[in-house]
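predicted model, plus sequence, below.
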Amino acid sequence: MTPDELLAVVGADAAVGAFGCLTLDVDPDRWLTTATTLRDAAGCDFFDWLSAYDDGAAGLAVVVRVWSVEGRHGVLVRTRVDRDSGSLPTLTPVWAGAAWHERETREMFGIEFTGHPDPRLLLLPDGFEGNPLRKEFVLASRVAKEWPGAKEPGESVAGRKRPLGVPAPNEWGDA
Amino acid sequence: MSVPERSRGVIALKEDSCTSCMVCARECPDWCIYIDSHRETEPAVEEGARPKTRFVLDRFAIDYSLCMYCGICIEVCPWDALFWSPEFDHSAGDVLGLTHERETLGGWLRSAPGASAGSGQ
């Protein structure tokens, strides 16, 4: 199945992303129907992975990759959800293997997957507060430890220089 | 040892090439490279010239309990002072033993391909 044929089947706006990987961007309300179509009409029977990334003001992007074992074609499907109240329907009815991935994505990003059969924490301990893969999550090790790169050449005492992308501890948290 | 010589086992330091520029310590994603240095002034070589300032390394250490062996420090070093060595058997019974100071890091040079030629990486 060529990328064009795939697009015709799914009927989505698409862009061919990096490394020639076919990427479908869909609205959250088409998340489940797109997945079902991919499995039933495009032969994407193999669930590869599902995860998310923090896209700042644009919200949280959820990405799933599926593959056709027989047709040897794969596709990335991506959608964006709201930072505060983001939720998506679970893909477990389409691919049972999505269950663990959605549990991990839920705890790491704070995205609810409605209808998930077993929405327990997967990796984090019970009672863990926060979503560690969100940008605003404060990494304790980056606060507790002095940055070794803060020294200038010729110095043995750390200066005030801070690493790129790591805000001062008291500025952290206002994402 | 039966691994290929270009295996990425441990990182070696060629002290003579290091200028204490801090680039590796700043690029390290794990914050596991510790460098202390001081400034020394050498008298001017001829009359009218300015005295020369250079940085002298006091400490160079890599904490292998944190290092994830990404090799970014080797890539970014502008002076070709860091090299991959294929020696991988540097486990320790104590976590403190995984911090290799400059002498230990220098010792890995013996097996680091390219280090003696000064060709880098």
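That came in fine, so what should we check first? Residues are numbered from 1 along each chain as shown, chains lettered A, B, ... in the order given.

now for the residue of chain B found nearest chain A, how many residues are close by?
Going by Cβ to the nearest Cβ, chain A is nearest to B:Arg26 of chain B, at 3.4 Å. Glycine gets a C-beta too; all of them are placed from N, C-alpha and C. Neighbours of B:Arg26 under the rule other Cβ atoms under 10 Å in any protein chain shown: 20.

chain A against chain B: which residues are in contact?
A:145, A:147-149, A:151-156, A:163 (Cβ under 8 Å from any Cβ of the partner chain).

write the ChimeraX selection for whichever of these are buried.
Filtering the residues of chain A next to chain B down to the buried ones (16 or more other Cβ atoms under 10 Å in any protein chain shown) takes a single ChimeraX command:
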select /A:147,148,149,151,152,153,154,155,163
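
how about the strands in chain B?
Ranges of strands in chain B, per DSSP state E, are B:10-13, B:33-42, B:52-63, B:82-85, B:99-100.

buried set for stretch B:13-26?
B:13-14, B:17-26.

which two of these have the greatest separation?
Across the buried residues of stretch B:13-26, no pair lies farther apart than B:Lys14 and B:Arg26, at 19.3 Å, counting by Cβ to Cβ.

coming back round to it: now intersect the residues of chain A next to chain B with the helices, please.
Per DSSP state H, helices hold no members of these.

can I get the residues of chain A next to chain B in JSON lines with pLDDT?
Compiled in JSON lines, those are given as follows (pLDDT from 0 to 100):
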{"residue": "A:Lys145", "pLDDT": "84"}
{"residue": "A:Trp147", "pLDDT": "89"}
{"residue": "A:Pro148", "pLDDT": "91"}
{"residue": "A:Gly149", "pLDDT": "90"}
{"residue": "A:Lys151", "pLDDT": "90"}
{"residue": "A:Glu152", "pLDDT": "88"}
{"residue": "A:Pro153", "pLDDT": "88"}
{"residue": "A:Gly154", "pLDDT": "85"}
{"residue": "A:Glu155", "pLDDT": "80"}
{"residue": "A:Ser156", "pLDDT": "79"}
{"residue": "A:Pro163", "pLDDT": "81"}
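
neighbours of the closest residue to B:Val95 other than its chain neighbours, how many?
In this structure, B:Val95 finds its nearest non-sequential neighbour in B:Ser65, 5.1 Å apart by Cβ to Cβ, 6 or more residues apart in numbering or on different chains. By the measure other Cβ under 10 Å, the count of residues near B:Ser65 is 14.

could you do B:Glu46 as well?
5.

phi, psi of it?
Per-residue torsions, B:Glu46: phi -140, psi 160 (degrees, to the nearest 10).

now swap in A:Leu32 and tell me
According to degrees, to the nearest 10, A:Leu32 has phi -70, psi -40.

what does A:Phe113 give?
Per-residue torsions, A:Phe113: phi -110, psi 100 (degrees, to the nearest 10).

these two touch, right, it and A:Pro119?
Yes: using Cβ atoms under 8 Å, A:Phe113 is in contact with A:Pro119, at 6.9 Å.
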